[in-house]
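Trainee: Model the following, please.
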Amino acid sequence: MSGNTYDAVPYESYPYEQTHPQHLYTVGRIFGMQPVDFRKARVLELGGAAGGNIIPHAINYPDSEFVCVDLSPVQIEEGKKTVRELGLKNITLEAKSIMDIGEKDGLFDYIVCHGVFSWVPLFVQEGILKVCKNNLSVNGLAVISYNTLPGWNMVRTIRDMMVYHTQRFDNPAEKAAQSRALLQFISETTQKGSPYAELVNNEVELLKTQADSYLLHDHLEENNIQYYFHEFMKLANDQGLQYVGDTAVASMFTGNLPEKAAAVLATSDDIVRTEQYTDFITNRRFRHSILCHQGVALSRNLQPQIIDEFYLVSYLKPEKPVAEIDLKFDDQQKFSGPVTLTTHNRVATAIFLTLFENNKKPLKVDEIVKLTLERFDEEFRPAPDVIKANLYELSLRVFLSGGMVLLSERGVNADKVTEKPVALPLARHQAKSKTWVTNSRHQRLSIDIVPRLIIQYMDGTNDLQAIIDKVMTHISTGEIKLQKDGKEVKLGEVTREEVSEIVTKSIEQMMENALLYA
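Mentor: Numbering: from 1, shown residues only. The predicted model follows:
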């Protein structure tokens, strides 16, 4: 990775929820580790650009220490500016090479390397793994993302075409534009319905949603080295590291594969081989692998009672309106979302209704049992142990299928709008200059001009009417241009009631998207 290319075209510095120390801690606990409390830890990010992935943690965990290194002085200076403006004292950003990290930098409990490994020379890849070995604390966790085979075999053809086509151009913006034009041309001229046409069309659609910086630094970067999972793990093993798990834990569960494949792979006790065959079956192209020191004890025998330790969130939605579901009967009920679940008894149904109605508020097992009990009329109320047994039976299975999230903290999300709403400080800061903000789930959310202005006034000092007043002022100055029936409207053409509706709806959407403090 050349610092100059990232100085010329800085990589948009986003948050990546799968690399959150809380999530790494959770995965470590699931597999029997004793990781350091992420709220009181040392965290290192390698190739962290302008700190978009690590600065939010410095705000949320003041008792932890954070270090971000990147080769690009331009990106590091941008991050330092953000740190200064937010007044953070527990984070350091340094413009230096990964190869310069050594014993003097100390040990870290969490090391994050996202979007770097496949895009640097082999000697730097070795350096990354050495840092993950030499600078990782005894019970530390490191996460590395990289492009994988066999999925990248097909994408490599597209990369090769774009590299060939753009070698005549020096200007980065022109390279990006020409790459997009080439793909569009290929898409329009290949035989419709062919597997090749489908491949090209999928990549065209993917790149439509990505900035030029992604295209330039992912597909067109000088280095783009892909690995089969077993090859990557050989490199990690050679450095004294072992596999803990994937950040997408559900991807490790063979029960999500076709029945015949699941039956065969279930007989294997070699997790690396099992996941390699899973990649063959799913044609996987990208991974986030979590590593720890060899010799650390891990357990692959997951017991349902493990959920006692965590907060549970499920986004599965009942197909029928909640009011129409009668908990006096053991009718089948369907819940849909990332996966589909069919419950076969009223207790299981009540559990997932409780989770659905509290999906903005992560709950512990005992809380779920209590709230579920309250759903039943007294004469039909099951014993708490019956509810807990059903919760144990279903939750681990739903989690491993991708329909439930396990968290190691409740978080700060509001589940209702207060009189003087408070938005996350980082989101308020980002809204001043960006078209996206970071929520408390460590997700990047696009944000339009009106919510961008509204959120800046949500510091706990303004009630709804005061925020409406400020928005009305912005409309009068022309800073906000509202549209009605597809046409721009001016202050005299929009009522306070209409502005109130816009502001109220915007704030409610912010709450839904985890941008408000509880």
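Trainee: Going by C-alpha atoms from here, please, whenever you check contacts or count neighbours.
Mentor: Fine.
Trainee: Now do the contacts for Leu453.
Mentor: When the contact criterion is CA atoms under 8 Å, 6 or more residues apart in numbering, the partners of Leu453 are Ala431, Lys432, Val471.
Trainee: So, low pLDDT: which residues of the protein?
Mentor: Counting by pLDDT under 70, the chain contains low-confidence ranges at 1-11, 483-492.
Trainee: what's the longest strand in it?
Mentor: With DSSP state E applied, the strand covering the greatest number of residues in the chain is identified as strand 136-149.
Trainee: Which stretches in the stretch 201-350 of the chain count as helices?
Mentor: Along the stretch 201-350 of the chain, the segments classed as helices by DSSP state H, counting those that start in this stretch run 212-214, 229-238, 259-265, 271-282, 346-357.
Trainee: hey, which of these is tucked in deepest?
Mentor: Scoring these by mean neighbour count under mean count of other CA atoms under 10 Å gives helix 346-357 as the most buried, with a mean of 22.
Trainee: by contact count, what packs against the helix or strand following that one?
Mentor: Remark: after helix 346-357, the chain's next helix or strand is helix 365-373, criterion DSSP states H and E. Packing partners of helix 365-373 (3 or more CA pairs under 8 Å, 6 or more residues apart in numbering; DSSP states H and E): helix 346-357, helix 384-401.
Trainee: what's next to helix 365-373, contact-wise?
Mentor: Contacts made with helix 365-373 from outside it, assessed by CA under 8 Å, 6+ apart, are listed as 307-308, 310-312, 350-351, 354-355, 381-382, 384, 387-388, 391.
Trainee: picking that back up, let's have the contacts of Leu453 in a markdown table, adding secondary structure, neighbour count and distance to Tyr110.
Mentor: Converted to a markdown table, the contacts of Leu453 look like this (DSSP: H, G, I helix; E, B strand; the rest coil; neighbours: other CA atoms under 10 Å; distance: CA to CA, whole Å):
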| residue | secondary structure | neighbour count | distance to Tyr110 |
| --- | --- | --- | --- |
| Ala431 | coil | 22 | 29 |
| Lys432 | coil | 15 | 31 |
| Val471 | helix | 23 | 42 |
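Trainee: what would those residues look like in TSV with distance to Arg410?
Mentor: Rendered in TSV, the data for the contacts of Leu453 read as follows (distance: CA to CA, whole Å):
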residue	distance to Arg410
Ala431	25
Lys432	28
Val471	33
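Trainee: Adjacent strands (with direction) for the longest strand of the chain?
Mentor: Sheet pairing here is set by DSSP bridges, and for strand 136-149 it gives strand 108-113 (parallel), strand 227-228 (parallel), strand 286-293 (antiparallel).
Trainee: after it comes which helix or strand?
Mentor: Toward the C-terminus from strand 136-149 - assigned by DSSP H and E - lies helix 151-166.
Trainee: circling back to that earlier point, contact partners of the longest strand of the chain?
Mentor: For strand 136-149, the external contacting residues (CA under 8 Å, 6+ apart) are 19, 24-25, 28, 33-36, 107-118, 132, 225-229, 279, 283-293, 296.
Trainee: So what sits opposite Ser289 in the bridge?
Mentor: Note on Ser289: beta-bridge partners by DSSP bridges are Ile144, Asp246.
Trainee: and it, what is it in contact with?
Mentor: The contact partners of Ser289, by CA under 8 Å, 6+ apart, come to Val143, Ile144, Ser145, Tyr243, Val244, Gly245, Asp246, Thr247.
Trainee: Let's see that with 6 Å instead.
Mentor: In this structure, Ser289 makes contact with Val143, Ile144, Asp246, judged by CA atoms under 6 Å, 6 or more residues apart in numbering.
Trainee: again with Thr342
Mentor: Thr342 makes contact with Gln333, Lys334, according to CA under 6 Å, 6+ apart.
Trainee: ok, now with 8 Å
Mentor: Contacts for Thr342 were tallied using CA under 8 Å, 6+ apart; they are Gln332, Gln333, Lys334, Phe335.
Trainee: Same check on Leu400?
Mentor: Going by CA under 8 Å, 6+ apart, Leu400 touches Val249, Ala250, Phe253.
Trainee: Distance of the nearest residue to the first one once chain neighbours are set aside relative to Ser179?
Mentor: Right, Val249. In this structure, Val249 finds its nearest non-sequential neighbour in Leu400, 6.7 Å apart by CA to CA, 6 or more residues apart in numbering. Relative to Ser179, Leu400 is positioned 39 Å away (criterion: CA to CA, to the nearest Å).
Trainee: What strand or helix carries the residue lying closest to Ile468 once chain neighbours are set aside?
Mentor: Taking CA to CA, 6+ apart as the measure, Ile468 lies nearest to Ser500, with 6.1 Å between them; neighbours along the chain are not counted. Secondary structure here is read from DSSP H and E; on that basis Ser500 sits in helix 496-512.
Trainee: Off-centre distance for that helix?
Mentor: Once both centres are worked out by CA atoms, centre = their mean, to the nearest Å, helix 496-512 turns out to sit 26 Å from its chain's centre.
Trainee: quick one: Gln178 is in a helix?
Mentor: Yes - the assignment for Gln178 (DSSP: H, G, I helix; E, B strand; the rest coil) places it in a helix.
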